[in-house]
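# Fold the following, please.
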Amino acid sequence: MSAKQATRKEAFAINAPEAQSVAVAGSFTNWEQSPVPLKRQKNGTWKTTLALDAGQHEYRFLVDGQWTDDPECAQRAANPFGSENCVRQVS
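I've put the predicted structure just below:
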């Protein structure tokens, strides 16, 4: 077994048909330093797939520049801004 951590492809998606731009930012992007843009689908859902290391990752969506929760994510963690981050567990 190698010491290198496995990465897994994780899909991120949010339904935001009125949005002009959507990105995902989190512990895996140094938050606002390098958010990852999502691609708009014909049905109004925005999607991307990222390779994440095993472990716990906190994230939120940026919809037209506004922080937005992932409505599909049940696990949350309080953040220093008085709101919550979504939590993705990768194994």
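# does residue 32 sit in a helix, a strand or a coil?
helix (DSSP: H, G, I helix; E, B strand; the rest coil).
# thinking it is in contact with residue 26, fair?
No - Residue 32 is beyond contact range of residue 26, at 10.2 Å (criterion: Cβ atoms under 8 Å). Yep, even glycine has a C-beta here, placed from its N, CA and C like the rest.
# Between these two, which has more neighbouring residues?
Comparing residue 32 with residue 26 by other Cβ atoms under 10 Å, the one with more neighbours is residue 26, at 21 against 10.
# Identify the residue nearest the more buried one in space, chain neighbours excluded?
residue 59 (2.8 Å; Cβ to Cβ, 6 or more residues apart in numbering).
# For the residue lying closest to residue 32 once chain neighbours are set aside, list each beta-bridge partner.
Once flanking residues are discounted, residue 32 sits nearest to residue 25: 5.9 Å by Cβ to Cβ, 6+ apart. Beta bridges link residue 25 to residue 60 when assigned by DSSP bridges.
# What pLDDT is listed against residue 25?
The model reports residue 25 with a pLDDT of 97.
# Also residue 6?
78.
# Now do the same contact list for it.
By Cβ atoms under 8 Å, 6 or more residues apart in numbering, the contact set of residue 6 is 53-54.
# What is the burial count for the residue nearest to residue 32?
As a measure of burial, residue 25 has 20 neighbours, counting by other Cβ under 10 Å.
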